[in-house]
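Chemist: Give me the fold of what follows.
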Amino acid sequence: MVYTVTFNPAIDYVVRMEKLKTGEVNRASYEEMFFGGKGINVSIVLNELGIKSKALGFTAGFTGEAIENGLMAMGIDADFVRLEKGNSRINVKIKTNEETEINGQGPHIDENALAALFGKLDKLKDGDTLILAGSIPNSLPSDIYEKILQRLSCRNIMTVVDATKDLLLNVLKYEPFLIKPNNHELGEMFGVKLTTIDEIEKYARKLQEKGAKNVLISMAGDGALLVDENGETHISGVCKGTVKNSVGAGDSMVAGFVAGSAEGDYEYALKLGTAAGGATAFSDGLATKEKITELLNTL
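Modeler: Residues are numbered from 1 along each chain as shown. The predicted structure follows:
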């Protein structure tokens, strides 16, 4: 079973307008709502690819109920810890000729709620996959990823961590199956500016030396690079299309890679991840199976 964790889920309210005028009433030409949060995004795209997952995390209030009900309507097992106070976030995404985002803060997560999440994680079994993605709410300890991986380290659980800087570096000793920084984040972790493929590969291998099994580096318009656990390097070009949406593309890449790596074929996993990321970037919402298949056939 695949499990995803989203500490701070949200309803993403997406509006399009010709121009955003501050200090005035603006009217949308298009609006839609999506259930968001990095782990949730991964679960949704995995579901499109025929991989069932259980979404864990925290929800609160009427917005939290909407998130849970919406995911279950999609066929995703929503097993969130319900918080007694507050409401899950509403994030506003305003799209004109550029994107403007207003992200909510989210509810407070207390020690009892965190203990309840740990109780759910304790039920994971050997052979399960756990995907941790996204930033940490202020009410949680900053080393929460490390605490989770340490708690699971005695079991044969495949872990995926999509995070940045120290949040990522501090968990490498637990040998995650997959990490996915982008090329800029990779450079920031080592205090260098990376300008060539060879440099990106060199520092990706440094992360591997620190414990990561597979290091997937997204490079925006230059495609993606993977250093796999067998020591092989794979490079995928970028999918061709018109970018409509930057939200969730990285999460979709993670989902595609996880789905594609089930048979141990990392070249195919990279291609499926690239296609899934592109399918989201070229859509108003997250990738669909049809769009992923279409792009996969071009790689």
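Chemist: quick one, what contacts residue 76?
Modeler: 43-44, 47, 52-55 (Cβ atoms under 8 Å, 6 or more residues apart in numbering). Placement of C-beta: from N, CA and C, glycine included.
Chemist: One more: residue 285?
Modeler: 32, 34, 245, 248.
Chemist: in the stretch 151-299 of the chain, which spans are strands?
Modeler: Using DSSP state E, counting those that start in this stretch, the strands of the stretch 151-299 of the chain run over 158-162, 178-179, 214-218, 224-227, 233-236.
Chemist: okay, those strands in a markdown table with mean pLDDT, mean neighbour count and distance to residue 280 next?
Modeler: Formatted as a markdown table, those follow (pLDDT from 0 to 100; neighbours: other Cβ atoms under 10 Å; distance: least, Cβ to Cβ, whole Å):
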| stretch | mean pLDDT | mean neighbour count | distance to residue 280 |
| --- | --- | --- | --- |
| strand 158-162 | 96 | 23 | 14 |
| strand 178-179 | 98 | 26 | 18 |
| strand 214-218 | 97 | 26 | 12 |
| strand 224-227 | 97 | 24 | 14 |
| strand 233-236 | 96 | 17 | 16 |
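Chemist: quick one: low-confidence ranges for this structure?
Modeler: Within the chain, no stretch has pLDDT under 70.
Chemist: Alpha carbons only: can I get stretch 181-199 in PDB?
Modeler: The C-alpha trace of stretch 181-199 is given here as PDB (Å, rounded to 0.1, in the frame of the first residue of the first chain):
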ATOM      1  CA  PRO A 181      14.900  18.500  -5.500                       C
ATOM      2  CA  ASN A 182      15.100  20.700  -8.500                       C
ATOM      3  CA  ASN A 183      18.400  22.000  -9.900                       C
ATOM      4  CA  HIS A 184      18.200  25.300  -8.000                       C
ATOM      5  CA  GLU A 185      17.400  23.600  -4.700                       C
ATOM      6  CA  LEU A 186      20.300  21.200  -5.300                       C
ATOM      7  CA  GLY A 187      22.700  24.000  -5.700                       C
ATOM      8  CA  GLU A 188      21.400  25.800  -2.600                       C
ATOM      9  CA  MET A 189      22.000  22.700  -0.500                       C
ATOM     10  CA  PHE A 190      25.700  22.800  -1.400                       C
ATOM     11  CA  GLY A 191      26.100  26.600  -1.700                       C
ATOM     12  CA  VAL A 192      26.900  26.500  -5.400                       C
ATOM     13  CA  LYS A 193      25.300  27.600  -8.700                       C
ATOM     14  CA  LEU A 194      24.900  24.700 -11.100                       C
ATOM     15  CA  THR A 195      25.000  25.600 -14.800                       C
ATOM     16  CA  THR A 196      25.700  22.300 -16.600                       C
ATOM     17  CA  ILE A 197      24.400  18.700 -16.600                       C
ATOM     18  CA  ASP A 198      27.700  17.400 -15.400                       C
ATOM     19  CA  GLU A 199      27.600  19.700 -12.400                       C
END
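Chemist: in that stretch, what counts as buried?
Modeler: Neighbour-count burial for stretch 181-199 flags 181-183, 186-187, 189, 194, 197 (criterion: 16 or more other Cβ atoms under 10 Å).
Chemist: Among those, find me the one that's closest to residue 165.
Modeler: Checking the buried residues of stretch 181-199 against residue 165 by Cβ to Cβ gives residue 189 as the nearest, at 6.1 Å.
Chemist: pretty sure residue 164 is in contact with residue 184, am I right?
Modeler: No. Between residue 164 and residue 184 there is no contact under Cβ atoms under 8 Å: 9.6 Å.
Chemist: Show residues contacting stretch 254-265.
Modeler: By Cβ under 8 Å, 6+ apart, the surrounding residues in contact with stretch 254-265 are 2, 41-46, 49-51, 129, 131, 133, 160, 162, 178, 180, 214, 216, 268-277, 287, 292.
Chemist: Name the nearest residue to the residue nearest the centre of the chain, sequence neighbours excluded.
Modeler: What sits nearest the mean C-alpha location of the chain, by Cα atoms, centre = their mean, is residue 251, with 3.2 Å. Using Cβ to Cβ, 6 or more residues apart in numbering and skipping the chain neighbours, the partner closest in space to residue 251 is residue 41 (3.6 Å).
Chemist: okay, now that neighbour: neighbour count?
Modeler: 29 (other Cβ atoms under 10 Å).
Chemist: for it, what are its contacts?
Modeler: Counted by Cβ under 8 Å, 6+ apart, residue 41 has contacts 133, 248, 251-252, 255, 286.
Chemist: which ones among the contacts of residue 76 are found in helices?
Modeler: 43-44, 47 (DSSP state H).
Chemist: This completes my enquiry, with thanks.
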